[in-house]
Every structure is written in C-alpha cells, then in structure tokens.
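Asker: fold the following and give me the result.
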Amino acid sequence: MDRDSITPLLITFNEIQNIGRTLAKLDWARRIVVIDSGSTDGTLDLMARNPRVEIFPRPFDSFAEQCNFGLEQIRTDWVLSLDADYELSDAVVAELAGLQPGPQDAGYKAAFIYRIHGQPLRRTLYPPRTVLYRVAGARYENEGHGHRIRLQGRVTPLKGRIFHDDRKPLSRWLGSQLKYAAREAAHLLETPSARLGRADRIRLMGWPAPILVLGYVLFAKGAILDGKAGWFYAFQRLLAEVLLALELLDRRLSVLAK
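Answerer: Predicted structure coming up:
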C-alpha cells in the first residue's frame, strides 16, 4: 500500500501532554486531519507549527459524530484513525507501506501496548481497535461511552502494535471517567440483557465488577509484576468500575424514589 493513500485522522481536545509524540510518528503523512473541539492549552499552537496538519474546529457532541465529521474531510481512499494519545511503533509505520489489501479487505485492526507515564505494561484490558480502513462505506456509531466503526468487508490484524500513552493530569482522567460512567450506565440499562456480553452483564449488576476487576488486572493480566505503574493502572480500572457501579445504583435508587 502506498502510504500517500492514507490520511491520519485525530480527534483532539487539550492534548498538549500527548500530541507531540503522536505527530512525531506521522512524519510520513502528506496530510493530517485534526478535528478539535475547542482546545485552550496550547494544543492548537503546537499543531499549527506542523504544515501537514489541517485543523477543523467542531463542538463536541459525541465521539462517533466527531469521527464521522472527520471522515468527510478525508480525500484519500484510506484513513488511519488515531486517538491523540496513541503513538505508532516503528513496526507499524513500516508495516503500513507493505500492506497489499485486496478488494475484500475493508480495514486493519491493531493491538496496543499500554504505557503509564512512558512505562509499558505487560498486558491490560485495552482491546484491539480497527484503526486503518477504507473511507468508502465507513460509519461510526456510539456504543456506551465509546464508539465503533462499521465496515463492509474483512478486517485483518496488523502484526505491529500501537502505544497507548496518555499523560494528561489525573484530575482530567477523573473528570472524563465521571462522564464515561454516565454514558456507560445508560447504555447498559437501555440494552436488552440478551445483547450484552458476559462482562457487561456482570457490570450491570453493579457491586461484583469493582471487586473482580482489581484481582483480574493484578493477577490475570500481570499488573502486579509491573511495579508502581501496574498498581496505578489497577487502581484506575478499579475506580472506573466503582464510578460505574455508583452511577447504576444512583439511577436505580432515583427510580424507586419517584
């Protein structure tokens, strides 16, 4: 695949701690499309110094709609959709140039190496994500606090991995988790139980998930072997599930109080 047929797409909001590392691994791209929802921390100034970056302001309403708006700005056949705290590995950069997609190939998904302040963890809960795909026929849909790309065709795993390395302040992470918990609670309560996976059915119960996730991350995923970074990640996942359990309980109690 000619890398000139790929346009990176980034969604940003106050990513000054991350965006420099992300852009550094995109120096092969002729054009980088950024959808920004009102950054005020220097992110826009930093990106403006890169002549290959084209910024499209758009007020945030949902991740899916931000991404769909971004797809409308792509002029190439393929798009590389990245969060602003992702960093391509050298292996992925080289792999992009060697891909030979057939007519049935709609996209490629990547697994991640999760970093805590630059320290890589052995394993995490972060799932593989479809990051490279044909623009034609692609459409994002919201799902809980996240979003999912819908494609028509085969999605193949990449061999290389992408680094996830979010270094924004902890206070920013906490604020985001409160919003995510509200969206995820609404998704879990509104989705028929038969359509939920096993993990989501456990989360819907409320109390078991925080207890289970701490042990699962520490021992099944090996975070206990990653030192302070592993404990930090385990406590993050614990707190995220506690906030979700509280949101679910709050909604159920408010219904009973009516």
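
Asker: and Pro59, how far from Ile149?
Answerer: With distances taken as C-beta to C-beta, to the nearest Å, Pro59 is found 22 Å from Ile149. Heads up, the C-betas are built off the backbone N, CA and C, glycines and all.

Asker: who has more neighbours, the two?
Answerer: Neighbour count, other C-beta atoms under 10 Å: between Pro59 and Ile149, Ile149 has more, with 22 against 7.

Asker: in its sheet, what does the helix or strand where the more buried one lies sit against?
Answerer: Ile149 belongs to strand 146-150 when assigned by DSSP states H and E. Strand pairing for strand 146-150, using DSSP bridges, gives strand 139-143 (antiparallel).

Asker: re earlier: run the chain-centre distance for the strand holding Ile149.
Answerer: Chain-centre distance of strand 146-150: 10 Å, with C-alpha atoms, centre = their mean, to the nearest Å.

Asker: how about the nearest residue to the spatially most central residue of the chain, chain neighbours excluded?
Answerer: A centroid search over the chain (C-alpha atoms, centre = their mean) returns Asp83, at 5.7 Å, as the residue closest to the centre. Leaving aside its chain neighbours, Asp83 sits nearest to Ile11 (6.8 Å; criterion: C-beta to C-beta, 6 or more residues apart in numbering).

Asker: what do you get for Asp105?
Answerer: Arg154 (5.3 Å).

Asker: just the pLDDT at the one you found, thanks.
Answerer: At Arg154, the model reports a pLDDT of 96.

Asker: pretty sure it contacts Tyr108?
Answerer: No: checked against C-beta atoms under 8 Å, the pair Arg154 and Tyr108 is beyond contact range at 9.6 Å.

Asker: of these two, who's got more company?
Answerer: When neighbours are counted by other C-beta under 10 Å, Arg154 and Tyr108 differ, and Tyr108 comes out ahead with 23 against 13.

Asker: can I assume that one sits in a strand?
Answerer: Yes: the assignment for Tyr108 is a strand, going by DSSP: H, G, I helix; E, B strand; the rest coil.

Asker: residues in contact with it?
Answerer: The neighbours of Tyr108, taking C-beta atoms under 8 Å, 6 or more residues apart in numbering as the test, are 99, 130-133, 155-158.

Asker: Throw those residues into TSV and include secondary structure, thanks.
Answerer: Shown next, in TSV, are those (three-state DSSP):
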residue	secondary structure
Leu99	coil
Thr130	strand
Val131	strand
Leu132	strand
Tyr133	strand
Val155	strand
Thr156	strand
Pro157	strand
Leu158	strand
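
Asker: ok, and the most crowded of the residues you listed?
Answerer: With neighbours taken as other C-beta under 10 Å, the top of those is Leu132, carrying 25 neighbours.

Asker: without its sequence neighbours, what residue ends up closest to it?
Answerer: With sequence-adjacent residues excluded and distances taken as C-beta to C-beta, 6+ apart, Leu132 is closest to Tyr108, at 4.4 Å.

Asker: same check on Arg148?
Answerer: Leaving aside its sequence neighbours, Arg148 is closest to Glu141 (5.7 Å, by C-beta to C-beta, 6+ apart).

Asker: cool, and Ala24?
Answerer: Once flanking residues are discounted, Ala24 sits nearest to Glu87: 7.7 Å by C-beta to C-beta, 6+ apart.

Asker: quick check: beta-bridge partners of that neighbour?
Answerer: Phe163.

Asker: which residues are in contact with it?
Answerer: So Glu87 contacts 21-22, 24-25, 162-163, 165 (C-beta under 8 Å, 6+ apart).

Asker: Lys25 now?
Answerer: By C-beta under 8 Å, 6+ apart, the contact list for Lys25 reads 87-89, 93.
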